[in-house]
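J.: Predicted model and sequence follow; I will ask about them next.
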Amino acid sequence: MDPHLLRTFVTVARCASFSAAARELGYTQSAVSQQIAALESDLRTPLLGRRPVAPTPAGERLLEHARPLLLRLDAARADLLRLTASPPERLTVTASPLALGAGAVAALPNTGVTLRVVDRETVPLAVASGDGDLGLVDGVAAPSDPLRLPDLAPLTVTGVAEEPLAVLLPAGHPLARCPALDLADLADARWLDAPGTALPLEGLRSTLSGARFRQSLRYDGTDVSTLCRLAAAGHGLALLPRSVAGAAGVGVAVPLASPALVHRTEVLVPKVPTAAAAVAAGRLLAHAGPVPTARGQ
């Protein structure tokens with residue numbers, strides 16, 4: 001299977017248009033059509049419906065394989081370039097919003113850094129594909145447990161911070177005066193679904209089997225202060241690191257007592273990091289508290 005044709009297929013499926021895919025790839029529409037036809041001939045099955053342009057059942061199945069395969073190819077290219085390219089003068093750090101705690105910010109070099117704040121799913125993708133030299137990603141886990149990250153490429157993943165969680169409520173909420181909260185008591189409450197910042201609702205549901213955790217509003221941004229204002233205004237509850245919820249200046253942060261979960265931050269670097277990334281990772285680890293050691297992916 002030709003990766004070149006596979007990449008064209010993924011682009012057409014994402015754009016839902018042969019002409020839009022052609023513009024993005026820099027080809028003529030005729031060339032894109034010929035490439036899709038060649039791939040369908042190779043696999044002996046239609047992959048895309050034409051009106052509208054949408055994957056067939058076989059095309060959907062191919063997409064499940066194609067995306068990780070292409071990412072692996074990009075990761076292999078990036079890995080080899082790190083071995084042969086001259087060391088970059090700058091360090092590119094990709095981080096999810098809640099991974100940028102005080103310790104992480106203090107550990108970053110004062111000069112020569114480009115910091116990109118993205119949603120948490122993009123962080124490992126960026127490091128694996130070479131778009132970032134170092135990543136900082138956060139999530140919710142049991143104490144001392146690693147985060148569940150996709151197996152994209154050979155990466156070294158190390159925990160650098162863990163802290164308690166809190167539920168951010170409006171000041172007038174009936175539970176705002178509680179000393180602590182059990183997540184099970186909030187299973188039927190309405191929550192903000194903010195996958196780029198707070199724990200996505202699917203993650204909450206997986207912690208408590210059968211709990212609904214109904215969505216009141218979906219926030220697709222990465223600005224933590226906006227998320228906190230939404231929660232304080234009554235648009236839904238949010239589960240956040242206690243330091244963030246308590247320092248928001250809006251609403252009421254009530255500590256989470258059960259289940260036993262923490263907010264965890266991990267640093268990601270390639271197996272063969274650049275010199276700048278290795279130094280920055282060392283600084284981050286020097287600022288880390290008693291957090292579990294590195295693991296490979």
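T.: Received the coordinates, thanks. Numbers count the residues shown, from 1 in each chain.
J.: show me the contacts for the closest residue in space to residue 239 that isn't next to it in sequence.
T.: Among residues not flanking residue 239 along the chain, residue 199 sits closest, at 5.2 Å (C-beta to C-beta, 6 or more residues apart in numbering). All C-beta spots, glycine's among them, are computed from the backbone N, C-alpha and C. Residue 199 is in contact with 139-140, 239, counting by C-beta atoms under 8 Å, 6 or more residues apart in numbering.
J.: cutoff 10 Å now
T.: Contact analysis of residue 199 by C-beta atoms under 10 Å, 6 or more residues apart in numbering lists 98, 120, 138-140, 165, 191, 193, 206-207, 213, 238-240, 261, 263.
J.: again with residue 131
T.: Counted by C-beta under 10 Å, 6+ apart, residue 131 has contacts 74, 78, 92, 94, 116, 118, 122, 125.
J.: Next, the second one: secondary structure please.
T.: Three-state secondary structure (criterion: DSSP: H, G, I helix; E, B strand; the rest coil) places residue 78 in helix.
J.: Ok, the third one next?
T.: Following three-state DSSP, the label given to residue 92 is strand.
J.: That one and residue 126 touch, don't they?
T.: Yes - in this structure, residue 92 is within contact of residue 126 by C-beta atoms under 10 Å, at 8.3 Å.
J.: Find residues that contact each of the two.
T.: Jointly contacting residue 92 and residue 126 under the rule C-beta under 10 Å, 6+ apart are 116, 132-135.
J.: tell me which residues form a beta bridge with residue 49?
T.: Taking DSSP bridges, one finds residue 54 as the beta-bridge partners of residue 49.
J.: Now do it: how many residues are near it, please.
T.: For residue 49, the count of nearby residues is 11 (other C-beta atoms under 10 Å).
J.: any idea how far it is from residue 59?
T.: According to C-beta to C-beta, to the nearest Å, residue 49 and residue 59 sit 8 Å apart.
J.: Could you do residue 179 as well?
T.: Taking C-beta to C-beta, one finds residue 179 at 54 Å from residue 59.
J.: more crowded one of the two?
T.: The residue with more neighbours, out of residue 179 and residue 59, is residue 59; 22 against 7, by other C-beta under 10 Å.
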